[in-house]
Structures are given as structure tokens and as C-alpha cells.
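> The sequence isn't on hand, but the structure is:
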């Protein structure tokens, strides 16, 4: 592919913006889309798969270890099975525009089922395994599906509660020709699929218990896939450990769609734990890991724990401080023991879904592993991003091809371009709140552009604290300072009363004393501005903070606990 975005964004000002003058900031535009990328992807998700199959039919596309069985699908097999499954869906009465719910773990059968639904022109509604069952059922019913494709563990709930036919994700229900004695038949003619057709309704991953359904067309998905490919994050086939659920756009875009473009092999886990990740990294000699910051931190913690068991933790941390001065190959040699424990091939980590702490990125890059992150959301999956050649810690990279980004007068990030959603499913009022008449999407995130033209994410606008003296505090900045003490694993910072900042702290180790935590708060305060400093704090009483189904911390219950504990005088 050989493409890159190193030329940087174009700054459009004055008449070139075609925007009326106002208080909003200038538009930063990504580079043009490379036509070679368009040729690789085609115009629909169906064409994306078919072109990948034509390029590398014999390459392994998908792999999973089921107990002692090592299951591997070639690109040709994925294409064939998705066609046969499409015939099954047609026989079940699924027609273009019908909604088909998918609810199961990342698995080759889930991939094939999603493409089968797209082949018949259906709209996929991917649901997250970590959602509460009542939320899943409510979302599913709201989209008025005609069919549910469910994993074994989810099928019984779906059958009982959603009220439409359910097929299990496997050969028995979806592809009987795969069973012993089955005879493959030529699939019937399939409907034409176009760029304007709705492809997915994807649930937002916010902290509410009532997510909205984001409507995305084939054309919007393809633009997302193309801009990820053009960043240069991966031009050659990789062996990718795909952990992020396909119920999220990040999970689809980077490991799955990018993997199809590059002819990569996607490896899935039946159980996502640090031990399973490490074992799979070794067995499959994984070269690329697609994950979220929380799991990236856990994997680093497991490496540090191994160094501690060998009595080498101090040496390991000294090496982390020295290594950034050295070339990447020397760093990998210096940390060769850690690399051998991870299979010896891991060279890039793609991080998304949440803010990537700078200390975490720097630690992995000190060990010789490039860490790239992107910024976006369900409503526009990819807005800005790093490349293999430009991945400065603390930023989310430059605007991606074909997209325009600006900072509103109140600091909110606005984006416009071909990958911005159509709107929310059956929610015109909610759509109008975030998508204006000029197709600018209001992201709800605050940010700024730095001197390099790269986007810096400051936090959610709704979490921003306006102090009585007119200064503003973004909790993310203060929480980062606390985490960088290495004594605090997670923190939630807020304003319990006017002009005062408080923090709820989750220690990195459960046996950390309150005196050590107090020292960590003092250390963090010393690095912060006067208006950012913490006045009071409390230790969270459980092993982890409450989280959403995408592993983001749920701030409201943490703040409520603090207020209740403070009112009751508890420690």
C-alpha cells in the first residue's frame, strides 16, 4: 500500500473554509484519500471481503484455539462460508433493510455471520457481551429485528426475551454443509448492495444504561476503513490478536477491516485474561495487538510482576528510563527476555476506546514496541490518529483523510466528513442535538490543536469543572498526574463543593497504606497548577472502580459514594 499521512493536516482559514465568520476555531483538514486505497477496499463491506479473498485466497484469515482444537479459516473459506450463510438467511426470510442482531464473542463464526447479513443487504445490530441482559433485550427490541444470531451462552436469553427466531453462531444452524455428510450447494443469487444502504446500527458506549443506536451506511464504514489503512498503521500482513469486541467500531475497523485490507491473520481468544493473552502471543507469534489501555496496562503489569519474581524489578525500571535514548532494535535487544515471553514478534500495539496514558505508551515504546492510538467515537469511528512514523505521546494524532476538525468556541471538538453517521435510530431529537444543519458532529469531547497540528484530547465537556475564579479544570489531567505516581492505579477527580477538588483513589496495590497514598497525592499536586490541586481524597473500598461495558470508569456512582462517605464521616 505504501501510503502515509506524514504531510500533516491542512489548515483552512478565512474564505477557504466556506464557513461564516464566528468564534469557532479554524478548520484543520486531513489529507486527500489515496485512490489506491479505494481500489483495495471497494465501495461496500461486501466488496471489501470479496477483494480480500481474491488477493490472498490461501492466507489464514481467522484463527481460534477451542480447547485442544486449533481452528483456522483461510480467506477463501471465509468467503465461501459467508455466502452459504447468506443463503441460510435468505431461506429464513431475511431481506434487504431487515435488522439482524448479532450477540456473541469474537469468533470466526461471528465474522462470517456479519458478512452473511451484509451480503443479503441486512442491517447488523452488534450487541456487547458485557451489557446487562435487560439493556441488550431493550436495544434489540427497539431495532425491530427479524432474526438474532447468538453465541451458545446468549441464545437461551435471546430466545426467551427478544421474541424473534434465534440461530446459534456455528455450523449446525448457519452452515450445515460444514457438518459431516453435508453437501455444499451453490448459493442463490444475492441482492445488490450499495454504498447508501444502511449497514449497521451500533450502540453508543457511554455511561448511560440506555445507549443510542448509531446508523452507519456501507459508504460510511468504507471511508472509516480507508482512512485507517491510509495512516500507514499497517501495510503488510500482520498476525493480530483481536481482543476488542466487534460490537464496537474500533473492534471492527482496526483488527477486522484493516486486517482484510492487509491480508492479515486475526487470532481470537475464548477467554480474555492477561495469562491467555501472553500464551497466545507466544503460541501465535503475534506481531500486532489491538486492545484498550486497561488491558495494555495489565499486560505491562504482568511483565513487571515477572521481573519482580526474578528479583529484577529495580533493574527493569532503570532500563525503562534509559531505553528511550536508544534505537528501537537496541531497545528490543535490551528487553529480549520480556519479548521472548510474549513470543518475540510483538512490534505494534493499537490502542483505542479510552485515553492512552502517556506513561503507558512510553513504557512500551521503551521496550521497542510502537504504540499508536486513534481518536473517534461510534458516531464517527476515526477522526484523528497516529501513524507508525508519528506517534507522539499525549496527542491523538492529526485529522484523518477526508475529515475536517475544528474546536468550537467552548472548546468542544467538532468533526465533519464522509464517515459521520446518518443519525440515531428512531431518535430525531437526539440526532439534532449532536449533528447540526451543516453536518458538523458535536463530539462532546473538549480538545485543542498543538503546535504540530495534532489533536490533544482534554476530556469530556460534561466533566469539565468551572471554578469560581473562572479557571477550568479537566479531571483527566489531574487523574493522569495521580496515575503517574505509580502508587495510584485509577482516580476519579471532581468538585464536591464550590472551588474544591476531591479525588477517589484506587491504589495500584491493595496493601498500600493511607500514608503512601497521601504522599502520592502530594507528589501529583506538585506537578499541577495551583487551580488543579486536590484538596481532599478517599480510598475506594473495592478491588476496582465501577465500569461501563467498554471498561470506562463510571464517574457518577463514584462521586455519589464519596459524597455519602463524606456526609457520614467514614474514611
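Structure received. Quantities reported herein were computed from a predicted structural model and do not represent experimental measurements.

> from here on, contacts and neighbour counts on C-alpha atoms
Will do.

> Which stretches in the stretch 201-350 of the chain count as helices?
Here the stretch 201-350 of the chain has its helices, by DSSP state H, counting those that start in this stretch, at 218-230, 249-251, 258-262, 274-283, 293-309, 313-322, 328-334, 336-341.

> export those helices to TSV and tack on mean neighbour count and mean pLDDT?
Written out in TSV, the entries for the helices of the stretch 201-350 of the chain read as follows (neighbours: other Cα atoms under 10 Å; pLDDT from 0 to 100):
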stretch	mean neighbour count	mean pLDDT
helix 218-230	26	94
helix 249-251	24	90
helix 258-262	25	94
helix 274-283	17	88
helix 293-309	16	88
helix 313-322	14	93
helix 328-334	17	95
helix 336-341	16	92
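
> Verify the contact between residue 545 and residue 557 for me.
No - checked against Cα atoms under 8 Å, the pair residue 545 and residue 557 is beyond contact range at 9.2 Å.

> okay, the two: which has more neighbours?
Here residue 545 and residue 557 are set side by side on neighbour count (other Cα atoms under 10 Å), and the busier one is residue 545, at 20 against 13.

> Which one of the helices of the stretch 201-350 of the chain lies nearest to residue 436?
For the helices of the stretch 201-350 of the chain, the distance to residue 436 is smallest for helix 218-230, at 17.8 Å, taking Cα to Cα.

> so what's residue 416 up against?
Residues counted as contacts of residue 416 (Cα atoms under 8 Å, 6 or more residues apart in numbering) are 403-405, 439-441.

> Where does residue 531 sit: helix, strand or coil?
Reduced to three states with DSSP: H, G, I helix; E, B strand; the rest coil, the structure at residue 531 is helix.

> Show me how the record splits this protein into domains.
Under the assignment automatic domain parsing, the domains of the chain span 36-229, 464-568.

> Redo those as TSV? Include distance to residue 363.
Output for those, formatted as TSV (distance: least, Cα to Cα, whole Å):
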stretch	distance to residue 363
domain 36-229	24
domain 464-568	12
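
> Kindly compare burial across those and name the winner.
domain 36-229 (a mean of 20; mean count of other Cα atoms under 10 Å).

> Can you get me the centre-to-centre distance for that domain and its chain?
Per Cα atoms, centre = their mean, to the nearest Å, the displacement of domain 36-229 from the mean C-alpha position of its chain is 19 Å.

> and if you look at stretch 407-418?
For stretch 407-418 - counting by Cα atoms, centre = their mean - the centre lies 20 Å from the chain centre.

> Show the contacting residues for residue 476.
Contact partners of residue 476, counting by Cα under 8 Å, 6+ apart, are 458-459, 493.

> wait, which of those residues is closest to residue 267?
Within the contacts of residue 476, proximity to residue 267 (Cα to Cα) peaks at residue 459, which comes in at 32.7 Å.

> can I assume the closest one is in contact with residue 474?
Yes - here residue 459 reaches residue 474: they are 6.1 Å apart, a contact under Cα under 8 Å.

> which residues does the residue nearest to residue 217 when sequence neighbours are not counted contact?
Closest residue to residue 217 in three dimensions, ignoring its sequence neighbours and counting by Cα to Cα, 6 or more residues apart in numbering: residue 198, at 4.1 Å. Shown in contact with residue 198 (Cα under 8 Å, 6+ apart): 97, 122-123, 215-218.

> now residue 401
Contacts for residue 401 were tallied using Cα under 8 Å, 6+ apart; they are 5, 29-33, 227, 230.

> change it to 7 Å
Contact criterion Cα atoms under 7 Å, 6 or more residues apart in numbering gives 30-33, 227 as the residues in contact with residue 401.

> Now distance to residue 249 too, for the residues you listed, in a markdown table please.
Written out in a markdown table, the entries for the contacts of residue 401 read as follows (distance: Cα to Cα, whole Å):
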| residue | distance to residue 249 |
| --- | --- |
| 30 | 20 |
| 31 | 22 |
| 32 | 22 |
| 33 | 20 |
| 227 | 14 |
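
> May I ask which of those residues has the most neighbours?
With neighbours defined as other Cα under 10 Å, the most crowded of these is residue 227; it has 30 neighbours.

> give me every residue that touches that residue.
Shown here is residue 227, whose contacts under the criterion Cα under 7 Å, 6+ apart are 400-401.

> Residue 109 too?
169-170.

> which residues of this structure score low on pLDDT?
By pLDDT under 70, the weakly predicted segments of the chain are 1-23, 178-187, 205-210, 232-235, 549-550, 569-571.
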